[in-house]
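>>> quick one, fold the following:
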Amino acid sequence: MCLVALALGQSDRFPLVLAANRDEFFERRSAPLEWWTPAGHAAPILAGRDLQGGGTWLGLNAGGRLALVTNVRSPAGNVPTAPSRGALPTRWLAGDLPFDAYWRAVSTGGYNGFNLVVADVARGAWLWASNAAPAPRVLGPGLYGLSNAALDTPWPKTVRLKERLRAALARVGALEPVDALAARLFEALADRSVAATVELPDTGIPVALERQLSAAFIRTPDGRYGTRCSTLVISERVGAQAFTQVFERSFDAAGGPPVLRRTLLPDWPKATSGA
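Numbers count the residues shown, from 1 in each chain. Have a look, this model is predicted:
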């Protein structure tokens, strides 16, 4: 993922809302959002898949885990032969290690710079970690934003998406379907407006490219790189019922109509004894 806004405990009706864009070269082969089972006997995973490097950028599993990754933009420090960062969410989703043991294993894995958000949603345990930061951070109730710098770094598109998520949650009516919230979030993720030059971060790339990448929804002039998919994870409480829906809009290089996929997860995540 390259842009994420996450609301935890900011709405009684929608206790978990995640809105994210994945930006990537269109030539990199990927599979869409679907259920798949990793090697062994792990819980099934609902996620897209990177068919070139393996792994995923965002997903959840039937056991109540969730994970996502973004790269930290640092072209001078990138190692071309480093392992794919898509393995980071997959290892969390396919495993059962507690976070401390998992982090010891992956933090020294030789990956290029990354941000990682992992969760045991049933237990309400959320963490952000980065190999560019001194230590992981526990995420309590709040509104968070993430792009290609540290958590809540105020890049213009990150700030805008957080504010639009906040506004969408405040605006949704008690009688409106979840589709109304989803439509507002997809609209926010489709924002192609770019930041003013004075607002741009300096990450070591040319200013013209920095400007192109400052939009929430990206499409480079040559059409080779851009937003490949927009994903929403929305958990909803209605009376005594609780369920989660995952939406994915995927885009092709030709700019054709997006393809929408939607998965309903009744009673996800199921409560555990440690919840």
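>>> next secondary structure after the lengthiest strand in the chain?
Scanning the chain for the longest strand, with DSSP state E as the assignment, gives strand 225-238. Once strand 225-238 ends, the next helix or strand along the chain (criterion: DSSP states H and E) is strand 241-250.
>>> name the helices or strands packed onto that next one?
Applying 3 or more Cβ pairs under 8 Å, 6 or more residues apart in numbering; DSSP states H and E, we find strand 241-250 packed against strand 30-36, helix 178-189, strand 225-238, strand 259-266. All C-beta atoms are positioned from the backbone trio N, CA, C, and that covers glycine.
>>> ok, now with 6 Å
strand 225-238, strand 259-266 (3 or more Cβ pairs under 6 Å, 6 or more residues apart in numbering; DSSP states H and E).
>>> now the helices for the stretch 1-150 of the chain?
Applying DSSP state H, counting those that start in this stretch to the stretch 1-150 of the chain gives helices spanning 87-94, 99-106.
>>> could you give the separation of the last one from the chain centroid?
If I follow you right, that is helix 99-106. 20 Å (Cα atoms, centre = their mean, to the nearest Å).
>>> that one vs helix 87-94, what angle?
If you take axes from the mean of the first three to the mean of the last three Cα atoms, to 10 degrees, helix 99-106 sits at 140 degrees to helix 87-94.
>>> quick one, phi psi at the closest residue in space to residue 269 that isn't next to it in sequence?
Excluding the flanking residues, the one nearest residue 269 by Cβ to Cβ, 6 or more residues apart in numbering is residue 64, at 3.0 Å. Torsion angles at residue 64 (phi, psi; degrees, to the nearest 10) stand at phi 100, psi 10.
>>> how many residues are close by residue 64?
Look at residue 64: counted by other Cβ atoms under 10 Å, it has 19 neighbours.
>>> test my guess that it contacts residue 124.
No. Counting by Cβ atoms under 6 Å, residue 64 stays clear of residue 124, with 10.4 Å between them.
>>> how close does residue 144 sit to residue 133?
Separation of residue 144 from residue 133 (Cβ to Cβ, to the nearest Å): 14 Å.
>>> with neighbour numbers in mind, choose between the two.
Neighbour totals were compared for residue 144 and residue 133, and residue 144 leads with 20 against 14 (other Cβ under 10 Å).
>>> who's the more buried one bridged to?
residue 6 (DSSP bridges).
>>> start at 27 instead
Yep, numbering from 27; the last one is residue 170 now.
>>> ok, it to residue 84 distance?
Taking Cβ to Cβ, one finds residue 170 at 14 Å from residue 84.
>>> please apply the same query to residue 77.
With Cβ to Cβ as the criterion, residue 77 and residue 84 are 16 Å apart.
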